[in-house]
Structure formats: C-alpha cells, structure tokens
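[1] I would like the atomic coordinates for the input below:
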Amino acid sequence: MKQYVVDAFTNRVFAGNPAAICVMDSWLPDSTMQQITSENNLSETAFLVKEPAGYHLRWFTPGGEIDLCGHATLASAFVIMNFYEPDLTHAAFSTMSGELFVERKGALYQMSFPSYQLVPTAVTDEMTAVFGVRPLEAYLGRDLLCVMENEQQVRTCSPDMEKMKHLDGLLQHITAAGQSYDCVSRSFAPKLNVPEDPVCGSGHCHIVPYWQKKLNKSDITAYQASSRGGTLYCSKDGDRTILSGEAVLYSIAEINTGSV
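    Numbers count the residues shown, from 1 in each chain. This is a model prediction of the structure:
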C-alpha cells in the first residue's frame, strides 16, 4: 500500500504540518489503521477509500480517531489531485463531520469546514499554571481557546503538558493578535498523544471565528507559530470557516501491513 507524506499549509518541506495519506481500495481493520498511525508517529494519518460521489476520509492520531482535521484533509486533496485524478479541481470527502469539499485554486487548496460555536468560559488558575501566563479570555468549542495579551506570549510559551491534560477541551489553543498577520496561534493535543500540532486546521475553526468577530473583518491571515510554522488564508461562509493553504510532497513509501 502506498503512503504519501505531505507538508500542509506551507510551500516548502520541513515546514507546515506533515500528514501521512493512505489511499486504499477497501478499508483495513481499525486496529491496523491505528497501528500504522502509531508507527508513523505524526499528528495525523489519513485513510481514504474511493466512493461513487468522492472519497470516504478518516483521520487517526496516535491517540485515536478524530472527528475533524484540516491539514490532513488538505494533504488528502493534494494527493488525490496530483497522483490519482490530476484533472480534478474539486474533491468531495465523506467524513465524521459530514461532507467536506476542497477546491484547488492555483497553488492554494481551499477547504470549507464547519465553524465551532465558542462559549465563554472562566479563566482559571489551572490555565495560568499550564501556560505560564494568565489568558485574557477563554472559550470552549470542541477545544479550549485561550486568548493571550500579545504575540510574544504565544511564541515563547512552554506549556506543562501533564497539567494541560486536565484542562477542558479535546485540544488546547492559544492565540493573540499578530504583528505581520491578523493573528498568531499555537495548538496542543496531549490528550491525543500529540504534544504540539504544528499547524491545526480544525483548531482554526475556533481561532478564526474569534478573530473575525474581534477584528470585525471576514478575511483573516493566520500564522501558526510552532517551530515548523504555517500560514492559513481564512474567510467565512455563513456558519462555515473557509481555510486555504499550500502543500508540498515530502515522501512516497510502500507500507507492508503484514499481508505481503
């Protein structure tokens, strides 16, 4: 079985967020897909099976299957449009989060994702202990979103991963207004055995709606300030978040699942 590793939300290798993509004729057992994911030890491995209306897409982290992943969806579209159906400009994916669509626009891959509803929550001493500084605001969707005072606090944050496991939310994101970008953010997922997700697409379905309202603007250029770094070009369409980014191939490999 072929596996592609694609760096998403970047135009150069060793940056952005790497995702492993496996396009299969039929589904492997869930346990085998989880073993492949753990062997890869990336934040996401995506598995796809062709269907009449598009592709069925599932995302696995080292800590289990997840309901939504942006960078692995972008990487999946990159693989399909470059190696399987090169004339395709629109890709449809059936997922746990419903039907997702990706459109190729020049060098960008544009995705339409459901936005998470943000519920204000109290800033706690536990959050301060995790991040080393006290957030200005905090919100809950699927994940926890903490708003920091400035970009420097986001970039230099060295969170306590063990304590973070006790915070609310599946993932935990910190964000602040940017100097060269509308916002800068970082994303952490210790509950999924991923200490830091280099560029988190689903996280920006929390982050972008916040900044759209805060800045009173629809178009947001977001930077994920991890050690790898990545840029997302964002807008909104009703209750959906539009995420666009570039992608680049890192590797192609053959996987032996034990049946060869």
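[2] for the stretch 1-150 of the chain, just list every one of the strands.
    In the stretch 1-150 of the chain, the segments counted as strands under DSSP state E, counting those that start in this stretch are 2-8, 17-24, 44-51, 54-61, 64-66, 90-95, 98-105, 108-114, 119-120, 137-140, 144-147.
[3] CSV for the ones you listed, including mean neighbour count, mean pLDDT and distance to residue 222?
    In short, each C-beta sits where N, CA and C put it, glycine included. Listed next are the strands of the stretch 1-150 of the chain as CSV, based on neighbours: other Cβ atoms under 10 Å; pLDDT from 0 to 100; distance: least, Cβ to Cβ, whole Å:
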stretch, mean neighbour count, mean pLDDT, distance to residue 222
strand 2-8, 23, 97, 14
strand 17-24, 24, 97, 13
strand 44-51, 22, 97, 19
strand 54-61, 22, 97, 21
strand 64-66, 16, 94, 20
strand 90-95, 18, 96, 22
strand 98-105, 16, 94, 18
strand 108-114, 20, 94, 13
strand 119-120, 9, 98, 21
strand 137-140, 19, 98, 16
strand 144-147, 24, 98, 13
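[4] could you dump those strands to JSON lines with distance to residue 212?
    As requested, those are arranged in JSON lines below (distance: least, Cβ to Cβ, whole Å):
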{"stretch": "strand 2-8", "distance to residue 212": "22"}
{"stretch": "strand 17-24", "distance to residue 212": "22"}
{"stretch": "strand 44-51", "distance to residue 212": "25"}
{"stretch": "strand 54-61", "distance to residue 212": "25"}
{"stretch": "strand 64-66", "distance to residue 212": "24"}
{"stretch": "strand 90-95", "distance to residue 212": "24"}
{"stretch": "strand 98-105", "distance to residue 212": "20"}
{"stretch": "strand 108-114", "distance to residue 212": "14"}
{"stretch": "strand 119-120", "distance to residue 212": "16"}
{"stretch": "strand 137-140", "distance to residue 212": "13"}
{"stretch": "strand 144-147", "distance to residue 212": "13"}
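[5] tell me the pLDDT at residue 258?
    On pLDDT, residue 258 comes in at 74.
[6] can you pull out the helices in the chain?
    For the chain, applying DSSP state H gives helices covering 30-40, 70-79, 125-131, 151-156, 161-164, 204-215.
[7] mind listing what residue 135 touches?
    Going by Cβ atoms under 8 Å, 6 or more residues apart in numbering, residue 135 touches 123, 127, 128, 146, 147, 148, 174.
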